[in-house]
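[1] sequence first, predicted model second:
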Amino acid sequence: MQRPSLANAELAVMNLLWKEAPLTARQIREQLYPNETKPQHGTVQRLLQRLEEKGFVKRDRNLPVHLFSAAITRQAYAGSQLESLTDKLTGGSLAPLITHLVEKRKISRDEIDRLREILDTWDDKEQSA
């Protein structure tokens, strides 16, 4: 399922939640704006509300102070964004992206080995189908 892109501020919230959820709105605010003299609680509340409406964040309302956590994984979001990008740039083919990453050495030997493992497993499943 393709999801909408996140604005930079929304992505900053999601990065916190992927790293150490659940968090309160106050904890998020303190991490995003640690040296801010002007309170940013309204900004954080709006960001959380938008993310919740988009289906990225879930809110636990069982406690007096609500806890927020990611409703999707970082991997699911990244995959959706990669699919969208490949649709726009290469007609849906990932080969140019992977080729570029390998040629520019943006992908490690361990990642290449992992890709080989995934492809071998996929190939075995295809042959037995």
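    Sure thing, it's come through. Residues are numbered from 1 along each chain as shown.
[2] tell me the secondary structure at Phe68.
    Three-state assignment for Phe68 (DSSP: H, G, I helix; E, B strand; the rest coil): strand.
[3] now for it, how many residues are close by?
    23 (other CB atoms under 10 Å). C-beta here means a position set from N, CA and C on the backbone, and glycine is covered the same way.
[4] before we move on, what about Asn62?
    So Asn62, with other CB under 10 Å, has 7 neighbours.
[5] same question for the one 3 residues further on.
    The local packing count at Val65 equals 10, with neighbours defined by other CB under 10 Å.
[6] was I right about it contacting Leu23?
    No - using CB atoms under 8 Å, Val65 is not in contact with Leu23; the gap is 10.4 Å.
[7] which other helices and strands does the helix or strand harbouring Asn15 contact?
    Asn15 belongs to helix 8-20 when assigned by DSSP states H and E. Judged by 3 or more CB pairs under 8 Å, 6 or more residues apart in numbering; DSSP states H and E, helix 8-20 is in contact with helix 25-32, helix 41-54, strand 57-60, strand 67-70, helix 74-90.
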